[in-house]
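Fold the following for me, if possible:
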Amino acid sequence: MSAVAASAAPSAWRRATRSPGLMIGAVTVVAVVALAILAPWIAPYDPNEQDPVAALMGPSAEHWFGTDFFGRDVLSRVIWGARISLSVGFVATLIGVVVGTVIGVVAGYFGGWTDRLITAATDVLLSFPQLIMGLMLVAVLGPSLGNLILAIAVTAVPAFIRIARGSTLAMRQRDFVDACRALGYSDIRIMFGHILPNIMDEVVVLASLWLATAIRTESTLAFIGLGVPPPTATWGSIVREGFDNLLDAPWLSIFPSLAILAVMIGLNLIGDGLRDATDPRGAP
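Predicted structure coming up:
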């Protein structure tokens, strides 16, 4: 990490730990992630175990979130569904961060034709709404876990290219970059050893916000039947399964929707808190 980035880290960390919104968001997300990891031990039932006699039972002491049309325990399916929904969101966002940031840094650092070509391709991708692009890719590739992650990752890449490129354009004019060139450092070392650490705060803020978008996109695609094939539980597919019985058994859709809402709020609180913490105009 460069000295410029290292000197700003303690101040940003102090501001982050004093942000109530960021702390609330972090606790919420960590709690949901813990539920997903511990699903095999805390889920009261097998998420795919059917019991026709108990079909469409309302919330009770035996089934806290009720049961669905096949008699499956909704609480167990929501807990297990968190595994797929969060995994897809995390992996797709991670791919978008790595690929988009590397391309954006290269475009911003070298400029010229490299920058113009990458910017033109990025503008084309950004001209499509994220959900529409994801829908088209999954429809072409077919609904599967790998294709779903790939489709969502592709929609994330342009956003990270743009943020990394803009930050690199500003950073490459700094004196420490000129000093690195004078010392004979290679372009690779300058880009990824000195420029990248100094723009990671903006990338991390965008990643936290984009993770919420990725989870929402996965849930939406699963809702319209382009997610992970059944009977695998995901939040979007559980909401879709309860849609046909929304008036008679609203709990089928309400509880997974609340899970999605909680994660969305938590991630947005984290994103807002990180943005405020890394803002150089913030209080020390």
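
need the helix or strand of this structure with the lowest average pLDDT.
helix 3-17 (a mean of 52; mean pLDDT, DSSP states H and E).

Which pLDDT does the model give R83?
Each residue has a pLDDT score; the one for R83 is 90.

Count the neighbours of the closest residue to it other than its chain neighbours for me.
Once flanking residues are discounted, R83 sits nearest to A36: 4.6 Å by CB to CB, 6 or more residues apart in numbering. Every C-beta, even on glycine, is put in place using the N, C-alpha and C of the backbone. By other CB atoms under 10 Å, 17 other residues sit near A36.

Break down the stretch 51-200 of the chain into its helices, ranges please.
74-110, 112-126, 130-141, 145-171, 175-182, 187-190, 196-223 (DSSP state H, counting those that start in this stretch).

In CSV, list those helices along with distance to I254 and mean neighbour count.
Output for the helices of the stretch 51-200 of the chain, formatted as CSV (distance: least, CB to CB, whole Å; neighbours: other CB atoms under 10 Å):
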stretch, distance to I254, mean neighbour count
helix 74-110, 9, 23
helix 112-126, 35, 13
helix 130-141, 23, 17
helix 145-171, 24, 21
helix 175-182, 53, 13
helix 187-190, 52, 14
helix 196-223, 14, 23
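
how about these, which one is nearest S60?
Closest approach to S60 among the helices of the stretch 51-200 of the chain is made by helix 74-110 (10.9 Å; CB to CB).

just how off-centre is the closest one within its chain?
The chain centroid and the centroid of helix 74-110 are separated by 5 Å, computed with CA atoms, centre = their mean, to the nearest Å.

ditto for stretch 62-81
25 Å.

what do you get for stretch 223-235?
18 Å.

Can you mark which positions in it are buried?
Under the neighbour-count criterion of 16 or more other CB atoms under 10 Å, stretch 223-235 has 223, 226-228, 232-235 buried.

Stretch 254-273 too?
Going by neighbour count (16+ other CB under 10 Å), the buried part of stretch 254-273 is 254-257, 259-260, 263-273.

Now the most centrally placed residue in the chain. Nearest residue, chain neighbours left out?
Against the mean C-alpha coordinate of the chain, by CA atoms, centre = their mean, the closest residue is L211 at 1.4 Å. Leaving aside its chain neighbours, L211 sits nearest to T93 (4.7 Å; criterion: CB to CB, 6+ apart).

quick one on the thing from earlier: was I right to think the residue nearest to the centre of the chain contacts S87?
No: if you go by CB atoms under 8 Å, L211 and S87 don't touch, sitting 11.6 Å apart.

Widest-spaced pair of the buried residues of stretch 223-235?
Farthest pair in these (CB to CB) is L226 and A233. Separation: 16.0 Å.

just to revisit the earlier point, residues contacting the residue nearest to the centre of the chain?
Counting by CB atoms under 8 Å, 6 or more residues apart in numbering, L211 makes contact with 89-90, 93, 267.

Next one: it, what pLDDT does it get?
Looking at L211, the pLDDT reads 90.
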